[in-house]
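# my questions concern the predicted model and sequence given below.
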Amino acid sequence: MDRLKTYVINLPKDQDRRESILKETAQFPWLDIEMIEAVYGKELSDEEKNTLFDGKKCAQYYGRVVLPGEIGCTLSHQTCYRYLLDTDLNYALILEDDAHFVNDKITEQFLKSVNDLMSSSIPRILLLHASFEYTGEKKLFCENYSICSIYNALFTTGYLINKNAARLLLCEEIPYWVADDWFLFRGWGIDIYSLYPSVVVQQRDKLKSSIMEEQRDSKKRIFPHSWIECRLAYNKISYLLQKRIGIIKSMHR
């Protein structure tokens with residue numbers, strides 16, 4: 001069985017999370033682990049933030065100020081994409097250090113199905129944490145897993161990405177998006193799927209995060225005050241209508 005290149009994102013100071021993910025991945029000798037030092041957004045200077053991340057464009061797109069932890073998360077995943085492009089591999093697995101494998105027995109047939117899906121010239125991502133909304137129908141993927149074409153999803157806990165998808169996510173000179181904006185990436189032409197049930201889940205209650213420890217401002221306006229807020233409101237209304245008539249369906253774990 002060929003080993004699967006796996007990039008694990010971790011801050012060196014988070015030793016408990018490092019030990020946890022190495023224990024998790026040790027169950028699977030076919031994983032070729034490479035630790036990627038996470039970017040700690042809180043320690044970036046204003047100059048570094050402006051050089052590495054387009055905060056102004058991000059605020060324009062999302063209608064809010066991005067958090068330092070979100071910047072660090074995006075930049076950490078971008079590092080993994082660059083590493084993948086420097087290899088001769090077709091795709092790789094990316095894990096955050098709070099990932100927990102739900103199933104400790106992943107079969108060769110499962111890995112073959114993954115390889116068949118990801119060895120494609122089409123930009124493609126396969127999410128392994130099943131917290132998503134999808135369109136179309138669930139299809140059998142392999143054994144006890146189904147696969148869905150996602151409308152939107154949460155988290156970057158664990159996913160596979162191929163080279164052409166990685167290239168698209170590095171196409172801007174500097175990023176302006178949050179790492180788990182799967183809705184945006186799908187709009188760029190990336191096929192984004194998710195497996196159900198989850199292959200990995202977060203251990204958020206068990207492991208404290210240094211990267212994502214801030215809270216967003218929860219205050220919301222009743223009426224939009226700009227074209228950005230109008231666009232976001234339109235997207236929300238369109239989403240609610242599609243959800244109501246059953247075009248968009250939800251799936252969790």
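Nice, thanks for sending it over.

# just the helices in the stretch 151-253 of the chain please.
Applying DSSP state H, counting those that start in this stretch to the stretch 151-253 of the chain gives helices spanning 163-168, 182-187, 227-244.

# worst mean pLDDT among these?
For these, mean pLDDT drops lowest on helix 227-244, to a mean of 64.

# the strands in the stretch 1-150 of the chain, which residues?
Listed in chain order, the strands of the stretch 1-150 of the chain (DSSP state E, counting those that start in this stretch) span 4-10, 31-37, 91-96, 99-101, 124-127, 131-142, 145-153.

# what are the bridge partners for residue 35, then?
On the basis of DSSP bridges, residue 35 takes part in beta bridges with residue 8.

# so it touches residue 10, yeah?
Yes: when contacts are counted by CB atoms under 8 Å, residue 35 is listed as touching residue 10 (5.9 Å). No exception for glycine: its C-beta is placed from N, CA and C like everyone else's.

# what sits in contact with each of the two?
residue 18 (CB atoms under 8 Å, 6 or more residues apart in numbering).

# give me the more crowded residue out of those two.
Remark: of residue 35 and residue 10, residue 10 carries more neighbours, 24 against 15, as counted by other CB atoms under 10 Å.

# now do the contacts for that one.
Counted by CB under 8 Å, 6+ apart, residue 10 has contacts 17-18, 21, 35-38, 97.

# please list only the buried members of those residues.
17-18, 21, 36, 38, 97 (16 or more other CB atoms under 10 Å).

# distance to residue 63 added to the strands of the stretch 1-150 of the chain, as CSV?
As requested, those are arranged in CSV below (distance: least, CB to CB, whole Å):
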stretch, distance to residue 63
strand 4-10, 27
strand 31-37, 30
strand 91-96, 26
strand 99-101, 30
strand 124-127, 25
strand 131-142, 21
strand 145-153, 17
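
# distance to residue 60 and mean pLDDT added to those, as CSV?
Listed next are these as CSV, based on distance: least, CB to CB, whole Å; pLDDT from 0 to 100:
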stretch, distance to residue 60, mean pLDDT
strand 4-10, 27, 98
strand 31-37, 29, 98
strand 91-96, 27, 98
strand 99-101, 32, 97
strand 124-127, 25, 98
strand 131-142, 25, 95
strand 145-153, 20, 96
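
# those strands: which one's closest to residue 199?
strand 99-101 (6.8 Å; CB to CB).

# so which elements touch that closest one?
helix 15-25, strand 200-202 (3 or more CB pairs under 8 Å, 6 or more residues apart in numbering; DSSP states H and E).

# just say which of the ones you listed is most tucked in.
Most buried of the helices and strands packed on strand 99-101, by mean neighbour count (mean count of other CB atoms under 10 Å): strand 200-202, with a mean of 21.

# rewinding a little: just the contacts of residue 10 now: which is nearest residue 176?
Closest to residue 176, out of all of these and judged by CB to CB, is residue 38, at 19.5 Å.

# what residues are up against the closest one?
By CB under 8 Å, 6+ apart, residue 38 lies in contact with 9-11, 72-73, 76, 97, 211.

# distance check, it against residue 44.
Look at residue 38 and residue 44: by CB to CB, to the nearest Å, they are 12 Å apart.

# shared neighbours of the two, anything?
residue 72.

# quick one: contacts for the most centrally placed residue in the chain?
By CA atoms, centre = their mean, the chain has its centre lying nearest to residue 156, at 2.8 Å. Contact partners of residue 156, counting by CB under 8 Å, 6+ apart, are 73, 77, 94, 96, 179-180.

# now the residues you listed in JSON lines, with distance to residue 26 and neighbour count?
Below are those laid out as JSON lines (distance: CB to CB, whole Å; neighbours: other CB atoms under 10 Å):
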{"residue": "73", "distance to residue 26": "25", "neighbour count": "23"}
{"residue": "77", "distance to residue 26": "23", "neighbour count": "25"}
{"residue": "94", "distance to residue 26": "18", "neighbour count": "27"}
{"residue": "96", "distance to residue 26": "17", "neighbour count": "28"}
{"residue": "179", "distance to residue 26": "26", "neighbour count": "23"}
{"residue": "180", "distance to residue 26": "26", "neighbour count": "22"}
